[in-house]
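Trainee: Fold the following and give me the result.
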Amino acid sequence: MLLMKISPERVDHIVDRLGFNLLLLLKVLVVLLAAFIVERLLYRLLRRIYKRSDKFREDATRYRFLRNALRFIVSLGAIATIVYMIPSFKHLAVTLFAGAGILVAILGFATQRAFANIISGIFIVSFKPFRVGDLIKIGEAHIGTVEDITLRHTVIVTFENRRVIIPNAVISDETIVNSSLVDEATCEFVEFGISYESDLDNAMAILQQEAEMHPMCIDRRTEREMELGEPKVSVMLVRIDDSALLIRAYVWAADPVLARRMHYDLNRSVKLHFDRADIELPYPQRTISFKENGTKIALTQKVIEGAL
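Mentor: Numbering: from 1, shown residues only. Next up, the predicted model:
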């Protein structure tokens, strides 16, 4: 009812006080339309260049970053143009930025981290410590495949299919382990501890046999190593612990993901083979000493990890 009482002349007066008129509104719509068209044209151009490239991961990284940067720059330009076109907004912007030095200082401080992320993103795309599609480890906390790089952050997909969004400035300060940068082939360490009473040579042979039979295991031997009779999978006794002999197989897979799957499969198959061959995986042992009727008695018992 209140809106119905407002006359058209009153509406025109209010709109005119705000600095609007039909011509100005038309200009605003033209600016928005032009920004949309420019963004679409540049997006199609970038996509066409990317599709013609033969460097998939490197150009995919540049493409994702430039696409996000392009969208941000075009949107920012359109907003600035609209603010400049509307008299009320223009006067307000000039007043704020010309007369309020403290506000500019506050805005500069508030955007300091944002600019740090942008600069770090540019460095990432320029120096390429990782690319879209690479499997990386950032610090000690996050492992996953790079999905996207924006002006502000990088998105990685974990093995649990979760998206981890990390600011670019944080990534620049961390150590990055890239499993895909040069060669994706991965040497996986498959380790087992066996008891001192078990047949060491038989256990090493079983571990080597199971590893070489796995379909994901690849042969990385050189021709010289084959001539010398080096095995496809090397197995070593790497450490003698207090209650176990630690043996390790060096098994190669085509990429880190397959290496992890292969490791899990070998854990099961080697354990079952050890059971059939009476190869014992030792429990931790604990010796307890006490006195009974003046006689010192020592008992050695097997302890299941976490039970005591």
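Trainee: out of everything not next to it in sequence, what's closest to H214?
Mentor: Of all residues not flanking H214 in the chain, M262 sits nearest, at 5.5 Å (Cβ to Cβ, 6 or more residues apart in numbering). Quick note: C-beta positions are derived from backbone N, CA and C, even for glycine.
Trainee: With G139 instead?
Mentor: E174 (4.2 Å).
Trainee: contact partners of stretch 125-144?
Mentor: Contact with stretch 125-144 is made by 56-58, 60-62, 64-65, 124, 145-149, 156-159, 164, 166, 171, 174-181, 184, 255-257, as judged by Cβ atoms under 8 Å, 6 or more residues apart in numbering.
Trainee: Go through that stretch and flag the buried ones.
Mentor: Buried positions in stretch 125-144, judged by neighbour count with 16 or more other Cβ atoms under 10 Å: 125, 130-132, 134-138, 143-144.
Trainee: can you give me the end-to-end distance of that stretch?
Mentor: Its start and end residues considered, stretch 125-144 measures 18 Å (Cα to Cα, to the nearest Å).
Trainee: Helices of the stretch 101-250 of the chain, residue ranges please.
Mentor: Secondary structure of the stretch 101-250 of the chain (DSSP state H, counting those that start in this stretch): helices located at 101-110, 112-127, 168-172, 200-213, 223-227.
Trainee: For those helices, could you give me TSV that also reports mean pLDDT and distance to F36?
Mentor: Listed next are those as TSV, based on pLDDT from 0 to 100; distance: least, Cβ to Cβ, whole Å:
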stretch	mean pLDDT	distance to F36
helix 101-110	57	28
helix 112-127	79	23
helix 168-172	88	27
helix 200-213	93	57
helix 223-227	87	59
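Trainee: Nearest to T81, out of these?
Mentor: Ranking those by proximity to T81 (Cβ to Cβ) places helix 101-110 first, at 20.1 Å.
Trainee: pLDDT (mean, whole number) over stretch 25-44?
Mentor: For stretch 25-44, the mean per-residue pLDDT is 79.
Trainee: How far away from the center of its chain is it?
Mentor: Distance, stretch centre to chain centre, for stretch 25-44: 34 Å (Cα atoms, centre = their mean, to the nearest Å).
Trainee: All further residue positions should be reported with the first residue as 21.
Mentor: Let's use 21 as the start, then, which means that last one is stretch 45-64.
Trainee: Give me the domain ranges for this protein.
Mentor: Following automatic domain parsing, the chain resolves into domains at 28-130, 145-198, 206-296.
Trainee: Would you format those as a markdown table with distance to I139 included?
Mentor: Formatted as a markdown table, those follow (distance: least, Cβ to Cβ, whole Å):
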| stretch | distance to I139 |
| --- | --- |
| domain 28-130 | 12 |
| domain 145-198 | 8 |
| domain 206-296 | 30 |
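Trainee: neighbours around the residue nearest to H234, how many?
Mentor: By other Cβ atoms under 10 Å, the residues close to M282 number 23.
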